[in-house]
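Undergrad: Predicted coordinates and the sequence they were generated for:
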Amino acid sequence: MSPRGQRFKAVKHRMAGAVLLIAAAIVFPALLEASVTVEGPPTWLIPPMERSAASVWAEIKVSEAAGAERLRLLSLVAGRVFAGYAVDDVFQRGERAVLVLQPKDRARWQVEVAPPHLSPPADRWFQDNASGLEGKINEKLSGLPLEALSWADIPLKEEVEALCAPLLPGWRPSLLVRLDKEGAVLRVSFAPRPPLVLAVVPRVSSGTLPVMLQSDLNENILRALAPLVGLPIEWADFNKKRVEALAADSLKQARIVENTRSRVRVAFNPGQLAATEAEVESPKYSLRAWVAAYAGSEAKYPEIGLHMGRKFLPFSGWEMELYGEWLLAANDLSLESRWGVRWSPWKGVMAGVEQAFPGNETWYRLWLEGGERAPYLWWRVSEGGDHHLGAGYRINRRVSLEIHYDGRDEDKLSLKAISDL
């Protein structure tokens, strides 16, 4: 083979190797300092192009080619690999090579954002989150030749993902390009990215409503938040305020909440089992019902209790309550009623006075409430000096156990189990 043929063959082999290098660098960007400056393409496309061209330039620089030959070889490789772009100029600026590229044709792009099929109101939340996304993607596509997608598909997908991430966290965009009469259309659809919300776990607590009514309110939350099941946890967290407002609205529509003018506060904790804590407290009324059984005292029988109260604020910062309590004994259906007033100087602390019937006796009373899974204490002292108290532990929102003391009975101490209704 002649020397000229050997040189041609060597150049051809170098070009083939360079093409492979630059193509690989586009798909798997090398972690090296770019030694080539690319001018002309969209700004988001320049970094991967510079990394790719730098890989080739580094290979060319170690070859035996002269300076002008190096630039010509870089121009040939770039024109072959960066389809859709023509090399307008190539020159060297210090140690860096500069590639000036111009699109061979400018495609007319349109963007379609295709939201997933979601149940209301999650569909409206998605559309609101994605508002303006079409315009942002369209700006990135401005001036991009259609032919460039043969090598720029991965950078384009990464750029779209970067645009979607802050607006639609938890959703994975997919791209599809089609041609119509007006030009190229980029359709962006979405699929949920795990982890997903598998179930909503509601829990309603209230110090002013009976437990049996709180259970009904749990169902309101379950129905309201059912559209969240199967959706990304990240996205549910991103729309946390909307989720809490939706759950709160579902509770406010309940008849018992409306009738008692209860205030509702909801805390949503995103997760695979998404806990939804709701506090429902009435500033006007209090209602409680319970059953109780005693052990260790022959004078005590199972009983059913009911408490009904009306709250009011006679002074700023003071919360007072007028109430009535009724205790029905299971053995002889005898009824004890208590009519009183109490006030709360601090949260969890109440003090009051009540009149008990039969007997028309005045009692002074103190309550110390610790909440769920916490100890509590109540204490009554009559005008005649009798003491009546209970010190217990609230196991959950329904069941509590207490040591019960009644100075009026022969068996003064007993164990009392209480279940709220």
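TA: That came through, no problem.
Undergrad: Contacts only, for the residue nearest in space to the middle of the chain.
TA: Against the mean C-alpha coordinate of the chain, by CA atoms, centre = their mean, the closest residue is Asp237 at 1.4 Å. By CB atoms under 8 Å, 6 or more residues apart in numbering, Asp237 lies in contact with Pro169, Pro270. C-beta here means a position set from N, CA and C on the backbone, and glycine is covered the same way.
Undergrad: so what pLDDT did it get?
TA: Asp237 carries a pLDDT score of 97 in this model.
Undergrad: Then it would be within a strand, right?
TA: No. Checked against DSSP: H, G, I helix; E, B strand; the rest coil, Asp237 lies outside a strand; its state is helix.
Undergrad: From Ala278, how far out is it?
TA: Asp237 is 18 Å from Ala278, where distance means CB to CB, to the nearest Å.
Undergrad: burial count for the residue lying closest to Leu421 once chain neighbours are set aside?
TA: Leaving aside its chain neighbours, Leu421 sits nearest to Ala289 (4.2 Å; criterion: CB to CB, 6 or more residues apart in numbering). By other CB atoms under 10 Å, 17 other residues sit near Ala289.
Undergrad: contacting residues around Ala289?
TA: Ala289 sits next to Pro210, Met212, Ile304, Gly305, Leu306, His307, Asp420, Leu421 when contact means CB under 8 Å, 6+ apart.
Undergrad: That one pairs with what?
TA: Legend: beta-bridge partners of Ala289 under DSSP bridges are Leu306.
Undergrad: what's the distance between it and Leu377?
TA: With CB to CB as the criterion, Ala289 and Leu377 are 21 Å apart.
Undergrad: Kindly report the same for Arg80.
TA: Distance from Arg80 to Leu377, by CB to CB: 86 Å.
Undergrad: Arg193 too?
TA: From Arg193 to Leu377 the distance is 51 Å (CB to CB).
Undergrad: Test my guess that Ile221 contacts Ala199.
TA: No. Applying CB atoms under 8 Å, one finds Ile221 not in contact with Ala199, separated by 12.0 Å.
Undergrad: of these two, who's got more company?
TA: It is Ile221, of Ile221 and Ala199, that has more neighbours when counted by other CB under 10 Å, with 24 against 14.
Undergrad: Can you pull the phi and psi angles for that one?
TA: Ile221 has phi and psi values of phi -70, psi -40 when expressed as degrees, to the nearest 10.
Undergrad: cool, the one 10 residues further on as well?
TA: When quoted as degrees, to the nearest 10, the phi and psi of Leu231 stand at phi -100, psi 160.
Undergrad: I'd guessed it sits against Leu118; true?
TA: Yes. Look at Leu231 against Leu118 with CB under 8 Å: they come within range, at 7.4 Å.
Undergrad: more neighbours, the two?
TA: More neighbours surround Leu231 than the other of Leu231 and Leu118, with 22 against 18 (other CB under 10 Å).
Undergrad: could you measure the more buried one against Ser55, distance?
TA: 41 Å.
Undergrad: Ok, Pro227 next?
TA: For Pro227 relative to Ser55 (CB to CB), the value is 48 Å.
Undergrad: isn't Leu287 right next to Thr208, touching?
TA: Yes. Using CB under 8 Å, Leu287 is in contact with Thr208, at 6.6 Å.
Undergrad: what's the neighbour count on Leu401?
TA: Leu401 has 14 neighbours, counted by other CB under 10 Å.
Undergrad: List the backbone torsions phi and psi for it.
TA: phi -120, psi 140.
Undergrad: per-residue pLDDT, it?
TA: Listed pLDDT for Leu401 reads 95.
Undergrad: check contacts around it.
TA: Leu401 touches Gly392, Tyr393, Ile395, Leu415, Lys416, Ala417, Ile418, counting by CB under 8 Å, 6+ apart.
Undergrad: May I have the beta-bridge partners of it?
TA: Tyr393, Ala417.
Undergrad: 869 is where my numbering starts, stick with that
TA: Noted, 869 is the first residue going forward, which turns the last one into Leu1269.
Undergrad: Could you report the separation of it from Arg1276?
TA: Leu1269 is 22 Å from Arg1276, by CB to CB.
Undergrad: Then Glu1112?
TA: 49 Å.
Undergrad: Looking at the two, which is more packed in?
TA: Glu1112 (19 against 11).
Undergrad: Would you check that my belief about the more buried one contacting Val1132 is correct?
TA: No. With contact defined as CB under 8 Å, Glu1112 does not reach Val1132; the gap is 9.8 Å.
Undergrad: picking that back up, which neighbours do Leu1155 and Thr1076 share?
TA: With CB under 8 Å, 6+ apart, Leu1155 and Thr1076 have common neighbours Thr1128.
Undergrad: Looking at those two, which has the bigger crowd around it?
TA: Shown here are Leu1155 and Thr1076; by other CB under 10 Å, Thr1076 has more neighbours (19 against 16).
Undergrad: so the more buried one, which of the three states?
TA: coil.
Undergrad: Enumerate every residue touching it.
TA: Applying CB under 8 Å, 6+ apart, we find Thr1076 in contact with Thr1128, Ser1130, Val1148, Glu1149, Ser1150, Tyr1153, Ser1154, Leu1155.
Undergrad: could you redo the last one with a cut-off of 6 Å?
TA: For Thr1076, the contacting residues are Glu1149, Ser1150, Ser1154, by CB atoms under 6 Å, 6 or more residues apart in numbering.
Undergrad: Now it, what are its backbone angles?
TA: Per degrees, to the nearest 10, the backbone of Thr1076 is at phi -120, psi 0.
Undergrad: can you map out the helices along the protein?
TA: 871-895, 914-929, 935-949, 990-997, 1001-1009, 1017-1032, 1079-1093, 1101-1106, 1108-1120, 1123-1127 (DSSP state H).
Undergrad: How far off centre is the last one?
TA: By that I understand helix 1123-1127. 29 Å (CA atoms, centre = their mean, to the nearest Å).
Undergrad: same check, this time on stretch 1200-1216
TA: 42 Å.
Undergrad: Quick check: buried residues in that stretch?
TA: By neighbour count on 16 or more other CB atoms under 10 Å, the buried set for stretch 1200-1216 is Arg1206, Gly1208, Arg1210, Trp1211, Ser1212.
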